[in-house]
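Enquirer: take this sequence and fold it.
(chains A and B)
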Amino acid sequence: MDRRTLLKAVAGAGTLAVTGRLSAPALAQSAAARTLRFVPQANLANFDPIWGTQYVVRNASALVWDTLYGVNEKLQPQRQMVESEEVSPDGLTWTFRLRPGLKFHDGEPVLAKDVVASLTRWSARDPMGQMLKAIQKELTATDDRTFKWVLSKPYPKIMLALGKNNTPIAFIMPERIAQTDPFKQISEYVGSGPMRFVKNEWVPGAKAVFEKFADYLPRQEPGSWLSGGKRIMVDRIEWIVMPDPGTASAALQNGEVDWWENPISDLVPLLRKNRNVLVDIADPLGNIGSFRMNYLYPPFNDVRARRAVLMAMSQEDYMRALVGDDKNLWKPLPGFFTPGTALYTEEGGEILKGPRNLDAAKKLLAESGYSGQPVTCLVAQDQPITKTQGDVTADLLKRLGMNVDFAAVDWGTVGARRAQKTPPGQGGWQMFHTWHAGADCVSPAPYNAIRANGDKAWFGWPDAPQVEAEITAWFEAKNLEEEKAVIGRLNKAALDAVVYAPTGFFLSYQAWRKNITGIAKGPLPFFWGVAKTA
Amino acid sequence: MLAYVVRRVVATIPVMGVVALFVFSLLYIAPGDPAAVIAGDQASPADVERIRQNLGLDRPFLVRFGEWVWQILHGDLGTSIFTNLPVTTMIAQRFEPTLSLMAITLCFAVAVAVPIGVLAAWKSGTWIDRIIMAFAVFGFSVPVFVIAYLLAFLFALELEWLPVQGYTPLSEGVWPWFENLILPAIALGCVYIALIARITRAAMLEVLQQDYIRTARAKGVGQRGILFVHALKNASVPIVTVIGIGIALLIGGAVVTESVFAIPGLGRLTVDAILRRDYPLIQGVVLLFSFIYVLVNLAIDLLYTLLDPRIRY
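Expert: Numbers count the residues shown, from 1 in each chain, chains lettered A, B, ... in the order given. I've put the predicted structure just below:
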């Protein structure tokens, strides 16, 4: 019990003695023990997991909406709302049956028609969904609990598509809500997940509240990431948005909040000194830092210039600047896939390994024809990850002899400007910094950043047919061994073409009070199994 | 007097119109794209464009401005791009915390600054005066967030007397409401105390040199009566002016204070809206702030007539 609680209890006891009635602080303490107060990574500014694809929206949505399948901690999709599935021998017709007794928060049963509408909306926005839609012949409800998906081509990764944890997740909503245009925001937040969203207590930018859904039917299996029994151990979860890490740190130490999703590494030593606070790695899949070079304009329209940057860059410099000297938090990454996962490979990664050779890089840059023209480098100053990487890159480019036009902007400006295909002197750019969640880099399925299909590719518009050929081969791979072989070739091809520059792999921490148990490591905060004692 | 008030109120309309045009134009030319923020990193350029179209952001400036003005004339500030909630609802959610913070800060600052300003003038040139003016320099010089962190460290973390963050509505009890605002009000009030104390001192020093003060002393009026009845009332016009000007400071300071103490007020709402390019929300909040500022100025002008009967409009 902290001093403030003790002071309140003493005051409460005094009130009891004087008035003979139970004091408010005692009641409040009891309610507080059933409420989990959580500090999320960002503000929950909207609440439509299909329309807005920010991680914070996905994380909140996982409480409210359930999925047909869900990946476990081994990233394998497991049945969730689905009771059984059946695929025809030619792999073209999938028939899914829902578990009995599933209910939405408004009391209505979950029906196959709700699933069909939800999948239709999701498949308009999700890259895997779009692939499914492109080969879809029919998606229909055959009865209240059964729906059928007929394809023109086998799609072996359909269960992964329906259970993956990358945004947008295929959440199931009531048909009337799911019929909303996927490019317009929903305004009703009814799901069939383990918690109910309390809309009238939602203060965007400050607070979001979820209450336990009494009619939720958890699976019998133990909970593991998005799969298994999602058993909620508290009555209420309050998300308290704190833009200032110093305040969040103080609030956690003070017992005003219970769990902080993403403490910055500078504050971790302070938190570790507090005997009531525990700190551990948040997500073993971590993050991959990156910067992208624009394929459309010199100097980076020449692969030699892109390779020169890779030859000169030190991932250690980036990682030490980003997360400090704690070697548990980062590692070099001579490739594009998440370390520790089944498809991780270093094939073709030599260019990023070993001592850096600045002279050879300068020579290669000169061969590319670079002659001192300005290189516009967009660096968002309001995102610590991009700002730090940008500072390191500016130094790197200067050492390489490049003329850096360092554009210090905010993230909102980067978001708009990176989409500009105009020349750098006319509002365009040559380089910008970002990062990718490791969960999005476990395979090519959710990995938009590795695509190299020119105009259709992500910003920078890399054009590398070999990369695209290997991605197609991965989707058609029939087993893990085939997948691994393809990914090795893909990694090499992507590094040869320099689809983007990975600056390293880094982890982050989460912190919570000692009276909280059941917190798991994962790509999002899983609230099932998390309990709180007084 | 009534005619003056009516004239001033009517005069706010073109002022608000200019503010509206200025804000809208600035946002129009500012870089940034809410559609890109909404769509996220995985979205294709076509997806971003479709969201932009659905939000109506692809339409010409005059069409958008005209629609917005039409909405405002009908009492509708529009809908937030991100939350899909009416801007008026979002402002209403955030109004009480900011109003509470500003009111307590203002009361605290005036209650501290005016007496110490009077004291500094009375003891002008002594060590008391120097200490007070040194505090004023400190209050001006130290950023609000530094004071906020120091206060939070001392009173919330070390002594555990007060909460470090959050806001409890007044409807849930006076003490829980007040408890959350003590540290923010002190942090925000420091600069304000410094400003008012310096002006109070300067105004008092000038008044204390006047003949009527000498006359009052000759008549045997006590020191307290001279300071607070004869001098302070006559020195109050510049003090009231600076309190009014300081409300603008409070609005700016509230942005920082609300962020540090995680108070869900209008300051944080504004910053969040700007960073996300939530145009309707930015426009609504800025318009509200400018309206409040115009009203405060009007109230101060009217106060002059009460404080100094020689002033007539």
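
Enquirer: where are the low-confidence patches of chain A?
Expert: For chain A, the stretches with pLDDT under 70 are A:1-30.

Enquirer: same thing but at 50, please
Expert: Across chain A, the stretches falling below the confidence threshold (pLDDT under 50) are A:1, A:12-26.

Enquirer: quick one, phi psi at residue A:197?
Expert: Reported as degrees, to the nearest 10, the phi and psi values for residue A:197 are phi -80, psi 130.

Enquirer: run a quick neighbour tally on it.
Expert: A total of 24 residues lie near residue A:197 under the criterion other Cβ atoms under 10 Å in any protein chain shown. Any C-beta I mention is one placed from the backbone N, CA and C, and that applies to glycine too.

Enquirer: do the same with the one 4 residues further on
Expert: When neighbours are defined as other Cβ under 10 Å, residue A:201 has 13 of them.

Enquirer: excluding covalently adjacent residues, which one is nearest to it?
Expert: Nearest residue to residue A:201 in three dimensions, chain neighbours excluded: residue A:209, at 4.1 Å (Cβ to Cβ, 6 or more residues apart in numbering or on different chains).

Enquirer: low-confidence stretches in the stretch 201-313 of chain B?
Expert: Scanning the stretch 201-313 of chain B for pLDDT under 50 picks out nothing.

Enquirer: swap the cut-off to 70 and go again
Expert: For the stretch 201-313 of chain B (pLDDT under 70), the answer is B:313.

Enquirer: for the stretch 401-534 of chain A, what spans make up the strands?
Expert: Shown for the stretch 401-534 of chain A, the strands assigned by DSSP state E, counting those that start in this stretch span residues A:403-409, A:431-437, A:501-506, A:509-513, A:516-517, A:531-532.

Enquirer: next, the angle strand A:431-437 makes with the first one.
Expert: Looking back up the chat, that one is strand A:403-409. Comparing the axes of strand A:403-409 and strand A:431-437 via axes from the mean of the first three to the mean of the last three Cα atoms, to 10 degrees yields an angle of 60 degrees.

Enquirer: how far away from the center of its chain is strand A:403-409?
Expert: Relative to the centre of its chain, strand A:403-409 is centred 28 Å away, using Cα atoms, centre = their mean, to the nearest Å.

Enquirer: in it, what's buried?
Expert: A:404, A:405, A:406, A:407, A:409 (16 or more other Cβ atoms under 10 Å in any protein chain shown).

Enquirer: check the residues you listed against chain B and report the nearest one.
Expert: When the buried residues of strand A:403-409 are compared for distance to chain B, the smallest value, 7.2 Å, is given by residue A:409; criterion: Cβ to the nearest Cβ.

Enquirer: the closest one is in contact with residue A:383, isn't it?
Expert: No: with the criterion set as Cβ atoms under 8 Å, residue A:409 and residue A:383 do not qualify as a contacting pair; they are 10.6 Å apart.

Enquirer: tell me the residues on the stretch 301-450 of chain A that lie near chain B, please.
Expert: Taking Cβ under 8 Å from any Cβ of the partner chain as the test, the list of the stretch 301-450 of chain A residues beside chain B reads A:382, A:409-413, A:415-417, A:419, A:434, A:436, A:440, A:446, A:448-449.

Enquirer: for those residues, pick the one with the most neighbours.
Expert: residue A:415 (28 neighbours).

Enquirer: let me see the contact set for residue A:119.
Expert: By Cβ atoms under 8 Å, 6 or more residues apart in numbering or on different chains, the contact list for residue A:119 reads A:129, A:139, A:149, A:162, A:170.

Enquirer: and the residue nearest to residue A:201, how close does it get to residue A:237?
Expert: Here the distance between residue A:209 and residue A:237 works out to 7 Å (Cβ to Cβ, to the nearest Å).

Enquirer: skipping its backbone neighbours, what lies nearest residue 86 in space?
Expert: Going with chain A. With Cβ to Cβ, 6+ apart as the criterion, residue A:86 has its nearest non-adjacent residue at 4.6 Å, and that residue is residue A:95.

Enquirer: looking at chain B here, not the other one
Expert: In space, and not counting its chain neighbours, residue B:86 is closest to residue B:79: 5.6 Å by Cβ to Cβ, 6+ apart.

Enquirer: also residue A:414?
Expert: The spatially closest residue to residue A:414, leaving aside those adjacent along the chain, is residue A:380, at 4.7 Å (Cβ to Cβ, 6+ apart).

Enquirer: just the mean pLDDT for stretch B:135-143, thanks.
Expert: Model confidence over stretch B:135-143, given as mean pLDDT, is 90.

Enquirer: now do the buried residues in it.
Expert: By neighbour count with 16+ other Cβ under 10 Å, stretch B:135-143 contains the buried residues B:135, B:136, B:139.

Enquirer: pretty sure the last one sits against residue B:196.
Expert: No: if you go by Cβ under 8 Å, residue B:139 and residue B:196 don't touch, sitting 9.9 Å apart.

Enquirer: what about whichever residue of the stretch 51-200 of chain B sits closest to chain A, how many neighbours?
Expert: In the stretch 51-200 of chain B, the residue that lies nearest chain A is residue B:160 (3.6 Å; Cβ to the nearest Cβ). When counting by other Cβ under 10 Å, one arrives at 17 neighbours for residue B:160.

Enquirer: quick check, it in contact with residue A:254.
Expert: Yes: the pair residue B:160 and residue A:254 passes the contact test of Cβ under 8 Å, sitting 7.0 Å apart.

Enquirer: which SS class is the residue nearest to residue A:56 when sequence neighbours are not counted?
Expert: For residue A:56, ignoring the flanking residues on the chain, the nearest one in space by Cβ to Cβ, 6+ apart is residue A:42 at 4.3 Å. Reduced to three states with DSSP: H, G, I helix; E, B strand; the rest coil, the structure at residue A:42 is coil.

Enquirer: residue A:42 against residue A:52, yeah?
Expert: No: in terms of Cβ under 8 Å, residue A:42 does not count as a neighbour of residue A:52; the distance is 11.5 Å.

Enquirer: so for those two, which residue has more residues nearby?
Expert: The neighbour comparison of residue A:42 against residue A:52 (other Cβ under 10 Å) goes to residue A:52, with 23 against 14.

Enquirer: so who does the residue found closest to the more buried one once you drop the neighbours it is linked to in the chain touch?
Expert: Of all residues not flanking residue A:52 in the chain, residue A:46 sits nearest, at 4.5 Å (Cβ to Cβ, 6+ apart). Taking Cβ under 8 Å, 6+ apart, we find residue A:46 in contact with A:52, A:57, A:185, A:204, B:38, B:82, B:83, B:84.

Enquirer: which SS class is residue A:46?
Expert: If you use three-state DSSP, then residue A:46 falls in the coil class.

Enquirer: from residue B:27, how far off is it?
Expert: Taking Cβ to Cβ as the measure, residue A:46 falls 19 Å from residue B:27.

Enquirer: got it, and residue B:178?
Expert: Look at residue B:178 and residue B:27: by Cβ to Cβ, they are 37 Å apart.

Enquirer: next: residue B:218.
Expert: The spacing between residue B:218 and residue B:27, counted by Cβ to Cβ, is 63 Å.

Enquirer: confirm that residue A:355 sits in a strand.
Expert: No: Residue A:355 is assigned coil when assessed by three-state DSSP, not a strand.

Enquirer: how far away is it from residue A:503?
Expert: With distances taken as Cβ to Cβ, residue A:355 is found 17 Å from residue A:503.

Enquirer: tell me which of these two has more neighbours.
Expert: With neighbours defined as other Cβ under 10 Å, residue A:355 and residue A:503 compare such that residue A:503 has more, 30 against 6.
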